[in-house]
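A.B. asks: Sequence isn't available, so here's the structure alone:
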């Protein structure tokens, strides 16, 4: 059976990463995954939050936002509502943890990098795109600091990227596992899962959630396998964006 | 090697669930998992949120809080700070999703149940205890509605409970997977994962996170297996609490 | 005539105070006055608020909260609403003033103690129970500091406790003054008054309020007398809780 | 011994009440008690809050504010801080309760009156001045509705006014009870008490508070007596303001 | 054709400025322009905001508020709503900029003056009255500092005042430009403009806005001319208020 | 003398407007004015705010935001700070008023259009770019409604666009008036002014502000003239964007 997009079950959407879109940021990446579009910027500051002061290590954190009309129906502007919603906070905490997992924070010294991920167009998978693009922005910012001799070497210990998988209902048989859901699939999925993985094949974060009924362990195993198979496309796009042949 | 608590790697902490602690709630469960203690109450209201009105189905949601001195060091009271933190919002969203996964919401009719989970003493695993205890409070509230003939039958489709597992460093060998982390283990773990599973063995939610370095897929598999092995103790405690021999 | 609870007009509800419920706090008391149940914890911090810095004296303050389903009808969680209500602020200010009245703040040195009073079950008189139980938590925290030689002596200058009295309508005659109102009486009272008194018989705070029509001065005098007569039961419970025969 | 103001212990400050200062309000009173100056306005609205709808009775409520520079040292503007402080909320709740105690709310029908009390100059006793002046604004608004035939009769059942008393230290003897404290006395008092009383001699509210050490019951009795003796001056000023010889 | 107030097109409303109304402020001016009444106070603090620290210059800022019943219909109290509205923020930013334009901030040294402008009665033109009266309060505060030898000379470089003009529809011909709109004219105007000018004839701020349809450049020129012609009345009132014959 | 950008005093920056960038919006325009880049979207909703209900006319409003790293130095995210700043509110009110000035709101019927203007890159003149680009988004949304026969005709009555001018210091002579300031010029200007004008040459809004010293009326006249001369470039860009040869 076919997916709404016509893709095979294990096919990623087209991905492109444009660097330098944000003129002022130390690093920036405008990532497009299908019709999802996220602007990721890295901002460097020469100090760390209070809880880390004097410990000789750096900090990497993230903030996430969605433009009001990035979606089918306009959403309230969080600044106007006076607070960030639970979904926003959850996502930005995930992005921050994911990026810190591949940073040698001692090698940073006492500096902070804030990765802002703002969704310009949403078509599913925005948090995964933010992680994948956020890594590029972070890499560029570190590389700039190295070129300015503010850092001896890039403190990144590897690549990290993320992709979603989901179980979608099929009439003729049981649910099918598919890679990289767009909005149409995501909103109809029985279950979805986000996998944040490194280029060394290690796990940074897994979040799997039954949207409708609970699902079987072997279905989860298929999702996990599918995610692993799809990562290389993301890592390659990251490497192209930073102009490195690792 | 031994754990701080002296437990074997696959041993749960002692668990007890006391019902009826909250005198006014339609259902309540004070759950103790080791030294972690969470008061879960279920409050029924005869209407649903706006987005569900007129659709003939019910709603189950959750709120989570921690008393300021449930922890080693007093935390700010969220009501005084004027907002719930990201961790709080993330946890209460997880509890709500987890419980809804075993509710037939059409069978509820247009009513809402709010599960409040307030941590009186924290020693690791509060979100898992909240899910396990919250299910009991929800069951009792539904049972009360059945006894009052406000519902024809209990809309729960099964049991749901949660447990954490983690990877802890061992000097002599690689990291070891252990079940049901207390605070001492949790704060030193390389990775931890929360598994929300049903008594039928299905997955409701998995959240696994590298605290330090990313971890290998087979380590994740060990965590998953350990969680599955430990669930029966939680389901049995739930059944004892509701006085049912299922 | 009889009261809903069957008590005589000058009879307190059963009172019990359990210490040590909160495992991490420097002092804690779970006080039960009839069906009202308040968890009081004392948290010590080695510094004072800005307005006291450098003056060689300490600070004692209080915060008050009510679990959403401590009451017949679930109340909004103040953390979710984004602010503490007027009633909450008024009560926590009262608790703080009441406890400070029996503390020699110069003898504390520059340290702070925060008394958190969280209502687990509400059946009238929660602010009075919070003061009575809060004193026990505060005493235990100071005693712990003395035992650790962080303080030379307990800075408390006496006991403080609180009780409510009210005027309730009687068919056959004028209103009757009764001691220690439960929720049923409180919500029907013509007037109620909270008396915060010391074991030396002195007044710390009196708050009397006409709920319906204004009331006569001699009715107030009866309330005042009733309160004084009931205090010894509270002071004795406090002394039992701290294990002292004063 | 003499008071800072040179007044005798039982002498009120000069009091004047100017009506009509607020051009748009249904009733307004600018009350001056010594150097304390509060603008009280009454605003009528033809509906009641949700919790009263359909019950055939009205509502009277109050809000209180202090201009930032009403005091010796400029205070933060509460609108800029984003919330009303505990003191503000406590005072406005007191004003509202005090005024409602002399209103026949059934005779109002389903309408609301909001009394805004804004302190233009503060020199002690602002909450008492707000109650005394607020009653005048309320009376005028009701009288206007009567003159417009929107109400058949004024729903006020009597006068209500408020005064503070306090215990101040005297070198030669014990503390002395004095009437109507100004700021200099208030900030040095051992205890202070606010009495809200009706012209029929009944009690609406008593709030007595030890500022330093707890105080004896007979000292409280002296304060109470002093307050009663001083009320007539306030009631007379109210009557003059509304142009009535009752 | 006549204006609602019967004034000629180029006639200001009556203006009076009373100083010293706020007893505690370093400078204060109660300005009345027709029925509009604004209390302006100047509060001096011996330090500057963080962004100016160590630069050897001072700061002047303003806050604006409106009492809830300054208007025909009671407005929400901003402190109760928990935030200042856009109109309030816009006006107070304007007042601050306007006053700073005539202050030699280097001559102030590192001190701050906050001008609070609170509208007691509103009948149009409150922001202009606040600027005109705020200048008087600021002058008086500086003069007081000079008299106390805290400043060698008054850092004001001139006078600043403000007036509104507007285009109002006339049946018989095109719209007519009129000076100093009251509320009745303001709410019906086709366009209105606020001019903030100095006594040397220079421009500090111009804000012109089409309320209905866009208006022609020559209409704007007439408004500008009218404003210039009306300023002398305001500057004279300021000079009388400060008792100076400049 | 030359400007930092090398432009002549009366030369606009390069301007481009890309439509359709926001996939979901009824109309969208990504406007670039030099290095300033603002994404404007129009969102249609089939109802009006409460104050307009039942009056048979529509509403157009605007919201404005700036991505945290649109600027040289990262700014706080307003959603995280919990409120929109005064500058933001002031700008979005200006945008809304400006667009409404060229809309026949009766011709809209009871519908609302919200124009979201989010600054992706800031280099001066963001509010002007937002107005110029917002008009395009609004036009496209209305045109779409016309093509869907939801509106009989486009309710726009003309074009509106905005440009800034400023006075910059020149060593050799007096200040020079220049058109369309970029950030470098804006931050050094003596005065700046924003002109919102229609294609018919009428004035919608003028905001002129002395940044340093007050400025002379004839300098203002030069700014006004310069603005008028530059508008045609903006109107032409708008017409190209909507594909119309008017």
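C.D. replies: Received the coordinates, thanks. Note that the coordinates shown come from a computational prediction; the quantities given were computed from them, not determined experimentally.
A.B. asks: remind me, longest helix of chain A?
C.D. replies: helix A:217-242 (DSSP state H).
A.B. asks: Against which helices or strands is it packed?
C.D. replies: Contacts defined by 3 or more Cβ pairs under 8 Å, 6 or more residues apart in numbering or on different chains; DSSP states H and E place helix A:217-242 against strand A:15-19, helix A:126-147, strand A:160-168, strand A:176-179, strand A:191-198, strand A:203-210, strand B:203-210, helix B:217-242. Heads up, the C-betas are built off the backbone N, CA and C, glycines and all.
A.B. asks: rerun that using 7 Å as the cut-off
C.D. replies: On a contact count with 3 or more Cβ pairs under 7 Å, 6 or more residues apart in numbering or on different chains; DSSP states H and E, helix A:217-242 meets strand A:15-19, helix A:126-147, strand A:160-168, strand A:176-179, strand A:191-198.
A.B. asks: partners of the third one, with directions?
C.D. replies: The reference is to strand A:160-168. Using DSSP bridges, the strands paired with strand A:160-168 in its sheet are strand A:176-179 (antiparallel), strand A:191-198 (antiparallel).
A.B. asks: Now do it: everything it contacts.
C.D. replies: A:98-99, A:101-102, A:125, A:128, A:131-132, A:135, A:175-181, A:185-186, A:188-198, A:204, A:215, A:219, A:223, A:226-227, A:230-231, A:234-235, A:238 (Cβ atoms under 7 Å, 6 or more residues apart in numbering or on different chains).
A.B. asks: buried subset of those residues?
C.D. replies: By the neighbour-count criterion of 16 or more other Cβ atoms under 10 Å in any protein chain shown, the contacts of strand A:160-168 include these buried positions: A:98-99, A:101-102, A:125, A:128, A:131-132, A:135, A:175-181, A:185-186, A:189-198, A:204, A:215, A:219, A:223, A:226-227, A:230-231, A:234-235, A:238.
A.B. asks: contacting residues around the closest residue to residue A:22 other than its chain neighbours?
C.D. replies: Sequence neighbours aside, residue A:28 is the residue nearest to residue A:22 in space, at 3.7 Å (criterion: Cβ to Cβ, 6 or more residues apart in numbering or on different chains). If you count contacts by Cβ under 7 Å, 6+ apart, residue A:28 has them with A:19-22, A:40-42, A:137.
A.B. asks: that older thread, just the angle between the longest helix of chain A and strand A:160-168, please?
C.D. replies: 140 degrees (axes from the mean of the first three to the mean of the last three Cα atoms, to 10 degrees).
A.B. asks: returning to that earlier point: compare the helices and strands packed on helix A:217-242 and give me the one nearest residue E:87.
C.D. replies: Evaluated with Cβ to Cβ, the helices and strands packed on helix A:217-242 place helix A:126-147 nearest to residue E:87, the distance being 35.4 Å.
A.B. asks: Can you give me the buried ones in that closest one?
C.D. replies: Under 16+ other Cβ under 10 Å, the buried positions of helix A:126-147 are A:126-145.
A.B. asks: now the angle between strand A:191-198 and it, please.
C.D. replies: Orientation of helix A:126-147 against strand A:191-198 (the same axes, to 10 degrees) gives an angle of 10 degrees.
A.B. asks: how about helix A:126-147 against chain F, any contact?
C.D. replies: No - using Cβ under 7 Å from any Cβ of the partner chain, helix A:126-147 never reaches chain F; the gap is at least 9.6 Å.
A.B. asks: Can you name the residues of chain A sitting close to chain B?
C.D. replies: A:83, A:86, A:89-90, A:93, A:97, A:101, A:198, A:202-210, A:214-217, A:220.
A.B. asks: In ChimeraX, select just the buried ones from those.
C.D. replies: Buried subset of the residues of chain A next to chain B, written as a ChimeraX selection, criterion 16+ other Cβ under 10 Å:
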select /A:83,86,89,90,93,97,101,198,202,203,204,205,206,207,208,209,210,214,215,216,220
